[in-house]
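Visitor: any chance you can model this:
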Amino acid sequence: MSKLKIGLYVGVDSLGGVVTNNGKIVSFSRYDLASLEEESHVENLSDDVKWEALINKAMRDMNVEAKDVRLSLADRDFIFRFFEMPFMKQSEVQSSLTYEIEKYIPFKLEDLRWDYSYASFPKEKKIDVSFIGIKEDIYQNIQGLFTRLGFNPLSFEPSAVSLARGIKTLKKFSKIKNFALLELTSGEGYLTFFYCDLPVFNRYFNLVRVDGELKTEDVVNPVRLSFQYFEREFHFYKLEHLIVASNSPDDTLVSMLKEDLQCNVHLCCPDDVMPGGGSLESLKALGAADLSASMYKFRPVLRPTFEQLARVKKEIPLNRTMLLSLLAIGLVVYTGIYFWTENNVKQLQGVLQNKMMEVVMPEAIKPVGWDGAQNMIDGKRDELKTISGIKSAYHPITPFLQKMIRTKDESFIQEGIWLESFDLHDNAGMWQGSLSGKAFFDDERKERTAIDEFVYKFRQDSVLRGYFPQVELVSASCIVDGEFNLMDFKVELR
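Guide: Residues are numbered from 1 along each chain as shown. Purely as a prediction, here's the structure:
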């Protein structure tokens, strides 16, 4: 019986496809988005039209008529989160997960499609959770694209997961669990760390090519910084291997990474997995299409929040005999305790009355009597409660301001970003405000990346998060200031 499977990788500016039958590759392909305008001699085509044409071309060239496809998408469209939770049962993980993940996203959980997996460590009494999500509007745009073409997407997943699955079909990589995967395309680099085979951290960076050649420094520097950040944030994680995946093998780059990072660095070319002209794009498509030949089995199933939280309620059979016995025992115990308590209370009341008769009323209290004195004491207690409530509601802002003053020395705000205004006000005992500033790197994408990293660091800082649990980038736009093109941004703090 034929088991035909189709995988498609939809990247930023390229497409890869593969068709397998019973685990064997039947055909594969790779295309660039820019090639359509060159072939059609039509300029200024919309992106949707380009992608529709490119997908149809890939399916024709692979000679396949099936409509079910599995998709691998660019990592930049996804949210990756990783955190520790106390050891708990599987049934308890998901309900606890929603409260944790809401701390790390700048929008409602209902606006996200997501899935997760975790590794258990009973001895350490913890679990490590890997969370993957994609915004609902991005998901619907991709779903709509394929629906218009008459295809039925069976799954969506980040390309880092698909690439890891494809690479781990090779025996030499099949059993490693803690590794980093560096993917180099024509214009971008993606670095993903995996712990116990689960994605932990993902970042992308721009690549500059001069006359078609990649500058190795543009790869080594961001990789080094990512490793340094990762070693600080995930000190429990011991990296075993770094795998470099690229369409163009570069032994010099591998040697530089080995020397700089002091770890095992391996080069993986698509031809190692797909002999006969395979590409990085088609390798990702292979990972999305078929997991039967790979040791990497994690396949996230992205669902809306209301589906993730659905539970199958199981009724527990009621043992009526046991219930009646427990009620009878409880009634006997309650009756005994009630009569014993009543008798004890009467005895204590008699002792109290005798003691009160022996008490001599002070001269200062005689004008108001015992009841009046008690009323005065109650009034003072109410005043103390009011003062204590005001004191507890006060949230000093000094530590926050001190943190902001020290941030430049601690590289909290990287060079190229500066803040211009800071609005702060007290709202019912809670601080709210906004930050605005500008970024200049002479490159729009670098400026946006730097702003995203600033917001991310703000959210992660334990001191700042104590004041503003919600930090949201509300605007980021290009402006012209004199002779320079800058990016103006605003961040809301709540």
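Visitor: please name the nearest non-neighbouring residue to residue 143.
Guide: The spatially closest residue to residue 143, leaving aside those adjacent along the chain, is residue 153, at 6.3 Å (CB to CB, 6 or more residues apart in numbering). C-betas here are computed from N, CA, C, even on glycine.
Visitor: and what of residue 226?
Guide: Residue 226 sits nearest to residue 191 (CB to CB, 6+ apart), 5.3 Å away.
Visitor: helix or strand: which one has the one you found?
Guide: When elements are defined using DSSP states H and E, residue 191 is found to belong to strand 188-195.
Visitor: could you list the domains of the chain?
Guide: In terms of domains, the chain is parsed into 4-77+137-308, 320-388, 398-493 (source: automatic domain parsing).
Visitor: winner for burial among those?
Guide: domain 4-77+137-308 (a mean of 18; mean count of other CB atoms under 10 Å).
Visitor: figure out how far it is from the centre of its chain.
Guide: From the chain centre to the centre of domain 4-77+137-308 is a distance of 19 Å (CA atoms, centre = their mean, to the nearest Å).
Visitor: returning to what we had before: dump the domains of the chain to CSV, plus distance to residue 105 and mean pLDDT.
Guide: Output for these, formatted as CSV (distance: least, CB to CB, whole Å; pLDDT from 0 to 100):
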stretch, distance to residue 105, mean pLDDT
domain 4-77+137-308, 11, 88
domain 320-388, 36, 81
domain 398-493, 9, 81
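Visitor: one step back: the residue nearest to residue 143 sits in which helix or strand?
Guide: Going by DSSP H and E, residue 153 is part of strand 152-158.
Visitor: give me the sheet partners of that strand and which way each runs.
Guide: Using DSSP bridges, the strands paired with strand 152-158 are strand 68-73 (parallel).
Visitor: buried stuff in the helix or strand following the partner strand?
Guide: Downstream of strand 68-73, the first helix or strand assigned by DSSP H and E is strand 78-86. Across strand 78-86, burial judged by 16 or more other CB atoms under 10 Å covers 78, 79, 80, 81, 82, 83.
Visitor: which secondary structure elements does the next helix or strand after strand 78-86 contact?
Guide: Next in sequence after strand 78-86, counting helices and strands by DSSP H and E, comes helix 90-101. With contacts taken as 3 or more CB pairs under 8 Å, 6 or more residues apart in numbering; DSSP states H and E, helix 90-101 sits against strand 78-86, strand 112-121, strand 126-135, helix 305-308.
Visitor: show me what the mean pLDDT comes to for the first one.
Guide: For strand 78-86, the mean per-residue pLDDT is 89.
Visitor: quick check: which of the helices and strands packed on helix 90-101 is nearest to residue 465?
Guide: Taking CB to CB as the criterion, strand 78-86 is the member of these that comes nearest to residue 465, at 13.2 Å.
Visitor: ok, that closest one: who's next to it in the sheet?
Guide: Paired with strand 78-86 in the same sheet, following DSSP bridges, are strand 126-135 (antiparallel).
Visitor: pLDDT on the strand it pairs with, on average?
Guide: Taken as a whole, strand 126-135 carries a mean pLDDT of 91.
Visitor: quick check: next helix or strand after it?
Guide: Later in the chain than strand 126-135, the nearest helix or strand by DSSP H and E is helix 136-148.
Visitor: follow-up on the earlier one: could I get the domains of the chain as JSON lines with distance to residue 88?
Guide: Listed next are the domains of the chain as JSON lines, based on distance: least, CB to CB, whole Å:
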{"stretch": "domain 4-77+137-308", "distance to residue 88": "17"}
{"stretch": "domain 320-388", "distance to residue 88": "28"}
{"stretch": "domain 398-493", "distance to residue 88": "23"}
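Visitor: closest one to residue 122 among those?
Guide: Between residue 122 and the domains of the chain, the shortest gap by CB to CB is with domain 4-77+137-308, which sits at 14.0 Å.
Visitor: now flag whichever of the buried residues of strand 78-86 is closest to residue 284.
Guide: The shortest gap between residue 284 and any of the buried residues of strand 78-86 belongs to residue 78, at 13.6 Å (CB to CB).
Visitor: who does the closest one bridge with?
Guide: residue 134.
Visitor: doesn't residue 133 make contact with it?
Guide: Yes. Assessed by CB atoms under 8 Å, residue 78 is found in contact with residue 133 at 6.8 Å.
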